[in-house]
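*Asks:* coordinates only, sequence not included:
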């Protein structure tokens, strides 16, 4: 009975080009949506959201306006948090990247909710009317609303979309490369053990900083080189 030859194992194939391309596209989409959404929120929240008319001394009237920052500062604050999370996505890996991506998505969702809740809020206008008239119970009338709260909410939707893309495809994205190694790492120790090259002044200075004598190694090697070989016997 003949033995069955073992089945040869095929080597693992590299990731297909389509997968790499999908990772790059999702990365570009998340960066674009996150940056654009944060910019929209910051700009739109600084525009006039509501206006109204306040009566002063029971005779004259004055038109008052309130921008998004006066009504609620939550969307702008969350937009800044979203920008920070968008940058931090590339500084972490694995579970950390998932957490930061979730924070990015939650920042967008919170900006949407705060914008829609602030669209019908006129407390900031009432406060202005009270200061203007000197009456704490003063209110405004003839309230009008602009479309800027909804533009702000749209920016929050873009941030939310960037966070969801990061949650779904963030595992394929590259991380920040370690350009500089911590002192004491394997490469740093190997470089410390390597003798300084007398032809490179920067290496001589590094050796001096480490408390070594860069000329000792070259003198030893020079002395060995100058010895003539002796014939035994």
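*Replies:* The structure has been received and is ready for your questions. Since the structure is predicted, the reported quantities are computational estimates derived from the model, not experimental observations.

*Asks:* and this protein, what are its domains?
*Replies:* With domains defined by automatic domain parsing, the chain comprises 25-170, 186-214.

*Asks:* so for the last one, what's the average pLDDT?
*Replies:* The reference is to domain 186-214. Averaged across domain 186-214, the pLDDT comes to 59.

*Asks:* Touching stretch 133-152 from outside, list them.
*Replies:* Residues from elsewhere that reach stretch 133-152 (CB atoms under 8 Å, 6 or more residues apart in numbering): 40-41, 44-45, 47-57, 64, 68, 75, 111, 115-116, 118-120, 122, 125-126, 128-130, 132. For every residue, glycine as well, the C-beta is placed using N, CA and C.

*Asks:* What's the PyMOL line that selects buried ones from those residues?
*Replies:* Selection of buried members from the contacts of stretch 133-152 for PyMOL, criterion 16 or more other CB atoms under 10 Å:
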select buried, resi 40+41+44+45+47+49+50+51+52+54+55+64+68+75+111+115+118+119+122+125+126+128+129+130+132
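
*Asks:* Let's see which of the contacts of stretch 133-152 end up in strands.
*Replies:* Mapping the contacts of stretch 133-152 onto strands (DSSP state E) picks out 48, 49, 50, 51, 52, 53, 54, 55, 56, 64.

*Asks:* Let me know the closest of these to residue 85.
*Replies:* residue 49 (25.7 Å; CB to CB).

*Asks:* Please determine how far the closest one is located from residue 159.
*Replies:* 19 Å (CB to CB, to the nearest Å).

*Asks:* neighbours around residue 90, how many?
*Replies:* Residues lying near residue 90 (other CB atoms under 10 Å) number 16.

*Asks:* Need the mean per-residue confidence for stretch 85-95.
*Replies:* 86.

*Asks:* Which positions in the longest helix anywhere in the chain come out as buried?
*Replies:* Ranked by residue count, the top helix of the chain under DSSP state H comes out as helix 17-44. Under the neighbour-count criterion of 16+ other CB under 10 Å, helix 17-44 has 23, 26-27, 30-31, 33-35, 37-38, 40-44 buried.

*Asks:* cool, and stretch 73-86?
*Replies:* 74, 75, 76, 77, 78, 79, 81, 82, 83, 85, 86.

*Asks:* The host helix or strand of residue 143 versus strand 48-56: what angle between them?
*Replies:* Using DSSP states H and E, residue 143 sits within strand 140-145. Orientation of strand 140-145 against strand 48-56 (axes from the mean of the first three to the mean of the last three CA atoms, to 10 degrees) gives an angle of 170 degrees.

*Asks:* tell me the angle of the helix or strand just after strand 140-145 relative to helix 17-44?
*Replies:* Following strand 140-145 in sequence order, the next helix or strand is helix 148-169 (DSSP H and E). Angle of helix 148-169 versus helix 17-44, following the same axes, to 10 degrees, is 160 degrees.
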